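**Student:** Fold the following, please.
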Amino acid sequence: MMRGEINMKRFFATILILALLVGLVPCLTVFASEPIVILFGSDYQNNCYQPSYNRNYYDNTPIAEQPRTLELQAILDSVAESGVRPDAAMFAGDYTDHFQSDGDEAHCAGDGIRQIKSMLETTLGIDPNQTVFAQGNHDFELAEGIATSGLQPYDEDDAYLVYVINEASFPYDQANSSFRTIVAGTAQRLQEDLGDLVQAEEARPIMLLCHVPLHYSSRYKGKDNTYANLIFDEINEAAEELNIFFFYGHNHSGASADYEGSWGGAVNYVGRGYDLDVNCEGHGDAGTNMKKLNFTYLNAGYVGYSTSGTNDTKTVSVLSIYDNRVKIARYDKNGEYTARESLGMTNPFKPAEGEVSNYPITVVLQNTTPYTLIAENRTPHYGSVAIDGVRATVRAYENYELDSWHISPEGAATVTQEGEFFYFSDLTSDCTFTVTFKETSCASEHFEDVEQTLWYHDGIDYAVRNGLFAGVSEHRFQPDGRMTRAMLVTVLYRLSNSPTILVSQIYDDVPLEAWYATAVTWAKFTGIADGVGDGRFAPDVPVTREQAATMLYRYAKYCEDLVDYDPSADGFDDSQQISRFAYEAMGWAVASELIGGVGNNRLDPQGTATRAQLATILMRYCIAFRAK
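**Tutor:** Numbering: from 1, shown residues only. You can find the predicted model right below:
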């Protein structure tokens with residue numbers, strides 16, 4: 001079988017092959033340390049003249065010398081020069097520029113397929129038997145080399161599956177409502193075939209080749225795929241459990257710069273979990289039909305013909321299949337194509353301009369292991385780690401970097417690092433991925449009274465770096481100094497990005513020209529801090545720990561950051577010393593792990609809050625609630 005031949009050669013050691021031949025071991029699904037690589041393309045559209053056609057508007061240049069052949073050859077040469085050697089190739093339709101109505105289409109489409117196979121074999125060493133060609137709207141379905149619609153035959157040891165939707169099963173010109181019956185029948189078959197794969201708990205990637213796209217295009221006012229929603233619904237439901245990659249052709253996208261210009265024209269990709277404007281009956285330019293994708297959606301790559309006024313770059317897609325992930329790259333005639341347009345309209349990794357820094361794109365496969373991976377971040381104020389199945393995304397904050405990582409139990413997984421992404425394979429048990437970050441520079445190093453080895457250093461560094469605190473002088477921070485009421489409301493005011501507010505003479509002891517006057521006015525009107533009575537704010541009075549907790553609690557309410565914690569600090573021996581007004585706030589602060597004990601199971605609510613303590617408390621709050 002096509003892919004089985006590759007996998008038998010690639011995946012099994014010689015001794016295992018011999019054992020299989022004599023029937024000593026059962027057939028197994030085996031994943032390779034080296035990936036299986038597949039090349040994708042579409043819309044070659046050979047426009048050769050053939051004597052039998054008697055069509056003067058076609059070029060009579062031999063097919064091997066046709067401009068579109070030369071364009072495809074240039075792309076394949078760049079793939080070869082990059083060192084990539086695909087094991088197989090798939091094309092999503094249109095191997096001739098003739099139309100089906102021209103009569104001799106089957107012969108011409110067959111010519112195009114044969115030419116592509118020859119180029120693939122000569123340039124990249126791809127066996128012609130390791131190719132799949134779906135039918136496009138320019139191709140007769142019975143043309144030599146066209147695959148049949150539906151799930152292609154596969155073996156248990158294949159690394160991937162292939163599903164073909166020929167244009168005859170999903171006609172492109174659906175202005176005639178009679179085509180709805182055809183599309184509905186195809187959708188029913190998809191439901192049955194993909195449903196069987198779901199029942200079988202299939203985890204391998206499924207390459208779905210379909211010439212006609214699913215998204216709305218203003219090129220033909222959506223009439224090319226009027227009933228695309230019928231196809232989409234079945235694929236999207238099954239893709240909740242299956243790993244589906246939908247490759248389309250037709251050069252359908254980007255023809256209208258005002259509607260689809262942001263797609264990037266000839267190179268489009270929308271990742272799983274993001275939205276696609278799916279065409280449907282009644283769709284028009286004025287509306288949308290946005291649907292969240294459960295599968296990966298991209299054009300195969302237009303290799304010979306493109307009408308986009310936005311970007312007509314000719315490309316191929318190259319997929320590398322590993323045991324738990326698929327890496328997607330594109331190539332044009334100049335090599336790997338990393339322009340931002342190649343990531344499509346809705347992908348979050350697309351920068352505003354320039355190149356895509358984390359290209360190629362890697363898609364994590366679902367359901368490839370029964371084990372669970374969890375993350376532990378030892379320094380959460382320095383960076384973040386997020387788990388998506390068997391991928392961890394590790395990102396250091398500004399001025400920090402990854403220091404170390406490890407897996408426990410040791411040896412429970414094979415880890416592959418690609419920039420900020422870590423991929424885990426060969427899991428033998430549930431495991432924990434632990435990371436630590438470190439500073440690339442110390443924001444508080446110029447303070448002579450800040451000891452970098454003491455407990456408060458991270459908090460002070462965070463507060464200074466984020467502009468929440470300043471020192472009391474150029475070289476002194478005064479970590480054990482008292483935090484006054486004026487200081488604390490000013491810090492919270494800065495944390496709110498210093499909103500513009502008209503300063504008012506609210507308190508007798510807060511002159512309008514005071515450095516803290518704006519913050520005090522803001523705190524009064526937001527309900528974060530009140531006066532102490534008799535028209536006074538007492539700006540220079542030190543803040544107690546319970547007063548600091550109360551202001552921060554009110555600030556969290558103001559920002560709608562509160563989480564439902566049990567508001568209780570009863571576990572401390574001195575909890576009875578908490579003032580009535582501060583009891584709920586202290587309970588919240590303790591439960592949120594913002595404030596801890598001071599030793600001997602004491603909370604010390606009436607104790608004075610130091611600058612070091614407040615810096616640490618605010619760092620914890622920002623990390624937990626504000627992600628600053």
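**Student:** Pull out the buried positions in stretch 285-305.
**Tutor:** Neighbour counts over stretch 285-305 (16 or more other C-beta atoms under 10 Å) mark 289, 291, 293-305 as buried. In short, each C-beta sits where N, CA and C put it, glycine included.
**Student:** now swap in stretch 210-219 and tell me
**Tutor:** 210-217, 219.
**Student:** So what's the gap between it and the chain middle?
**Tutor:** 23 Å (C-alpha atoms, centre = their mean, to the nearest Å).
**Student:** So residue 172, which state does it fall into?
**Tutor:** coil (DSSP: H, G, I helix; E, B strand; the rest coil).
**Student:** How many neighbouring residues does it have?
**Tutor:** Residues near residue 172, counting by other C-beta atoms under 10 Å, number 20.
**Student:** try residue 366
**Tutor:** Based on other C-beta under 10 Å, the number of other residues close to residue 366 is 18.
**Student:** surely it meets residue 389?
**Tutor:** Yes: contact criterion C-beta atoms under 8 Å: residue 366 and residue 389 qualify, at 6.5 Å.
**Student:** shared neighbours of the two, anything?
**Tutor:** With C-beta atoms under 8 Å, 6 or more residues apart in numbering applied, the contact sets of residue 366 and residue 389 do not overlap.
**Student:** Just the helices from the stretch 101-250 of the chain, written as ranges.
**Tutor:** Taking DSSP state H, counting those that start in this stretch as the criterion, the stretch 101-250 of the chain carries its helices at 105-124, 179-199, 228-238.
**Student:** Of those helices, which shows the lowest average pLDDT?
**Tutor:** Here the helices of the stretch 101-250 of the chain differ in mean pLDDT, and the lowest is helix 105-124 at a mean of 88.
**Student:** Flag every buried residue along it.
**Tutor:** 105-117, 119-120, 124.
**Student:** quick one, what contacts residue 508?
**Tutor:** Per C-beta under 8 Å, 6+ apart, neighbours of residue 508: 535-536.
**Student:** Tell me the secondary structure at it.
**Tutor:** coil.
**Student:** neighbours around residue 324, how many?
**Tutor:** Residues within reach of residue 324, counting by other C-beta under 10 Å, total 24.
**Student:** Could you report the distance from it to residue 417?
**Tutor:** 14 Å (C-beta to C-beta, to the nearest Å).
**Student:** One more: residue 620?
**Tutor:** 30 Å.
**Student:** Ok, residue 146 next?
**Tutor:** For residue 146 relative to residue 417 (C-beta to C-beta), the value is 42 Å.
**Student:** quick one: which of these two has more around it?
**Tutor:** A direct count of neighbours by other C-beta under 10 Å for residue 146 and residue 417 places residue 146 higher, at 25 against 12.
**Student:** for the residue nearest to the more buried one when sequence neighbours are not counted, what are its contacts?
**Tutor:** Leaving out its chain neighbours, the residue that sits closest to residue 146 by C-beta to C-beta, 6 or more residues apart in numbering is residue 135, at 4.9 Å. Neighbouring residues of residue 135 by C-beta under 8 Å, 6+ apart: 93, 141, 143, 146-147, 166-168, 211.
**Student:** ok, now residue 234?
**Tutor:** Residue 234 neighbours (C-beta under 8 Å, 6+ apart): 187, 190-191, 194.
**Student:** Contacts for stretch 539-548, please.
**Tutor:** 482-488, 509-510, 514, 516, 520, 532, 551, 578-579, 582, 585-586, 595, 603-609, 613-614, 617.
**Student:** List only buried entries from these.
**Tutor:** 483-488, 509-510, 514, 516, 520, 551, 578, 582, 585-586, 595, 603-605, 607-609, 613-614, 617.
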